[in-house]
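> only geometry, no sequence info:
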């Protein structure tokens, strides 16, 4: 195809950022500054297509180094990868963390989502914006959930450069947020990951037993606490035996869909098409969710071991972890764990001398909630806009790069370790018949001890909230995050299982449990949920693209008026909500009305 590039040229710094990722250009066609190069030569065909997946890392490289992506930098990256500039522009503008307009090198992301809003994010944003006005050298960005809900309100400062520097202020005051933006290097160190686990050190824990106990940077410490026992048993069982054990355990996906993990692995392993891929979804962007972040920061070697087992079971030799761009510490810890595992023969060409080869790569997201949907995630990795694909075909047949793929989130994969360590029957004995094993719950909001809690399936909502120290005046509890639903204070006997929440007309989702007392203005909270879905809709399908806007408009009218005409807007909300649920391509549109509907019907939010 003909590629048409503009006249803008990259700066030396922009060129260096791209070349650091891709290596020096090989010809003038790719942008080499050599007069003797042959412009008739160009990389094409399969060689060009095979490099398309480096587009997202390339955009990160420029944005990290400069702070924004200029036309010249984008054009140079497109030359290097043989990607049409129009397509690359579409990809770059898809993500909230990238900017194609000049901005200061330092960006302060201040969370305005549910837990932070309840904790005073509005006043924090106003105060920070007043302190860091024009000329401060800092761009203040009102951001969706940063995954720091146990320390709300939260702010994340990112200063472009070589290397890029980050700082977190959580819980954030105006002074702490301004300090993080003014000097990321001198900002106070984040508390250890174990601080987010109120149960840290308790013997009955399975998934969180090492968080706050082991040194997350030490492979030796990990192995001293039982690490790599599960991988050795996996090699004893063989791929078919591992899949059988996972199937017999009853393990289902922990991301919300609750699909049987063993069935997914078996369906992929049985595909004759090669190669197979394993993708770990660490892009938890559901407001109120932070369990995967805590596992990545507090026990990263557990994820590396679990990915190795899953890849071995499905005969995959390449695994990718798609991690949130807002998780700098988790990214650093995981990179270190992968490097250490590779150096010690636990990754690479001959793992533990068993003749099995595996490489694990990391891909960073850049602020797109919809990329939590598995096919949107595949598109993002491949260098396209993160828009969901129509199914069928399903990922087990044609997933990443059109090949059979297993996609699991962090919590699901980490559950594989106790399955193999204790055996399927013992694991299946935990929880209930339909919901087996332990579950992680992200508790935040109006509680004394927010954090990640591990309980067996079947524990009640009231039991969990008592552990977290729920405050007086409880008004509502949001289960499952923005895509979930509200329950009343008189429903705390609800069993926390997939089947129990379904029977109660709500959802367990990814494990979000967010408590709100009577000081939180519920109508404003519902409007924030609607704004979130409007912002995060990828715009691919009409029901979601238009419906999320209409939902926000109706809720804003209800909030802004004294109540006259609310009945008509509620009727409109129901009609729009049904259309989104029935006709949207992916779960974003299908669940965008859930929380609002439950607030109207269960809580009487506008009565």
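Perfect, thanks for sending it. Model, not experiment: these values are computed from the prediction.
> mind listing what's buried along stretch 580-591?
For stretch 580-591, the buried set under the neighbour-count rule, 16 or more other Cβ atoms under 10 Å, comprises 580, 581, 584, 585, 586, 587, 588, 589, 590, 591. (C-beta placed from N, C-alpha, C; glycine too.)
> in the stretch 251-400 of the chain, where is pLDDT below threshold?
By pLDDT under 70, the stretch 251-400 of the chain contains no weakly predicted segment.
> helices of that one, start to end?
Counting by DSSP state H, counting those that start in this stretch, the stretch 251-400 of the chain has helices at residues 261-269, 291-298, 300-313, 328-343, 374-381.
> buried residues in the fourth one?
This means helix 328-343. Neighbour count says helix 328-343 has 328, 329, 330, 331, 333, 334, 336, 337, 338, 340, 341, 342 buried, by 16+ other Cβ under 10 Å.
> residue 351: which of these is nearest?
Nearest to residue 351 among those: residue 341, at 9.0 Å, using Cβ to Cβ.
> give me every residue that touches the closest residue to the closest one other than its chain neighbours.
If the residues on either side of it in the chain are set aside, residue 341 comes closest to residue 347, at 4.5 Å by Cβ to Cβ, 6 or more residues apart in numbering. Contact analysis of residue 347 by Cβ atoms under 8 Å, 6 or more residues apart in numbering lists 304, 308, 338, 341, 358, 359, 360.
> correct me, but the fourth one touches residue 219?
Which is residue 341. Yes - with contact defined as Cβ atoms under 8 Å, residue 341 reaches residue 219; the gap is 6.8 Å.
> tell me, what's touching those two both at once?
Common contact partners of residue 341 and residue 219 (Cβ under 8 Å, 6+ apart): residue 301.
> can you put the buried residues of stretch 580-591 in TSV and add distance to residue 255 and secondary structure?
Shown next, in TSV, are those (distance: Cβ to Cβ, whole Å; DSSP: H, G, I helix; E, B strand; the rest coil):
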residue	distance to residue 255	secondary structure
580	20	helix
581	19	helix
584	18	coil
585	18	coil
586	13	coil
587	10	helix
588	14	helix
589	17	helix
590	15	helix
591	13	helix
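> out of those, who's nearest residue 383?
Checking those against residue 383 with Cβ to Cβ, the nearest one is residue 586 at 19.7 Å.
> quick one: which of the buried residues of stretch 580-591 is nearest residue 133?
residue 588 (34.8 Å).
> the closest one contacts residue 371, correct?
No - Residue 588 is not in contact with residue 371 according to Cβ under 8 Å; the separation is 10.3 Å.
> just read off the phi/psi values of residue 436.
Here is the backbone geometry of residue 436 (degrees, to the nearest 10): phi -100, psi 150.
> same thing with the one 3 residues further on?
In this entry, residue 439 is assigned phi and psi values of phi -130, psi 140 (degrees, to the nearest 10).
> would you agree it is in contact with residue 455?
Yes - the pair formed by residue 439 and residue 455 meets the contact definition of Cβ under 8 Å, at 6.3 Å.
> what residues are shared contacts of these two?
Common neighbours of residue 439 and residue 455, using Cβ under 8 Å, 6+ apart, are residue 496.
> need the helices of the stretch 251-400 of the chain in CSV (columns: distance to residue 88).
Compiled in CSV, those are given as follows (distance: least, Cβ to Cβ, whole Å):
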stretch, distance to residue 88
helix 261-269, 31
helix 291-298, 29
helix 300-313, 30
helix 328-343, 23
helix 374-381, 13
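> what about those helices, which gets the closest to residue 511?
Residue 511 sits nearest to helix 291-298 of all the helices of the stretch 251-400 of the chain, at 6.2 Å, using Cβ to Cβ.
> could you check the angle helix 328-343 makes with that closest one?
Between helix 291-298 and helix 328-343, the angle comes out at 50 degrees (axes from the mean of the first three to the mean of the last three Cα atoms, to 10 degrees).
> okay, which residue is most central for this structure?
Closest to where the C-alpha atoms of the chain average out (Cα atoms, centre = their mean) is residue 283, at 1.6 Å.
> who's more crowded, residue 439 and residue 455?
More neighbours surround residue 439 than the other of residue 439 and residue 455, with 26 against 19 (other Cβ atoms under 10 Å).
> and that one, what pLDDT?
For residue 439, the pLDDT comes out at 97.
> any idea how far residue 435 is from the closest residue to it other than its chain neighbours?
Nearest residue to residue 439, sequence neighbours excluded (Cβ to Cβ, 6+ apart): residue 457, at 5.5 Å. Remark: distance between residue 457 and residue 435 (Cβ to Cβ, to the nearest Å) = 4 Å.
> where do the contact lists of these two overlap?
When contacts are counted by Cβ under 8 Å, 6+ apart, residue 457 and residue 435 have 497, 498 as shared neighbours.
> since we're on residue 522, how many residues are nearby?
For residue 522, the neighbour count with other Cβ under 10 Å is 17.
> wait, it touches residue 603, no?
Yes - the pair residue 522 and residue 603 qualifies as a contact (Cβ under 8 Å) at a distance of 6.9 Å.
> quick check: neighbours shared by the two?
475, 476.
> and the closest residue to residue 360 other than its chain neighbours, how far is that from residue 97?
Nearest non-adjacent residue to residue 360, counting by Cβ to Cβ, 6+ apart: residue 319, 4.8 Å away. From residue 319 across to residue 97, the span is 24 Å (Cβ to Cβ).
> and what of residue 419?
Counting by Cβ to Cβ, the gap from residue 419 to residue 97 is 36 Å.
> what about those two, which has more around it?
The neighbour comparison of residue 419 against residue 97 (other Cβ under 10 Å) goes to residue 419, with 29 against 20.
> residue 141: which of the helices of the stretch 251-400 of the chain is closest?
Nearest to residue 141, of all the helices of the stretch 251-400 of the chain, is helix 328-343, at 15.4 Å by Cβ to Cβ.
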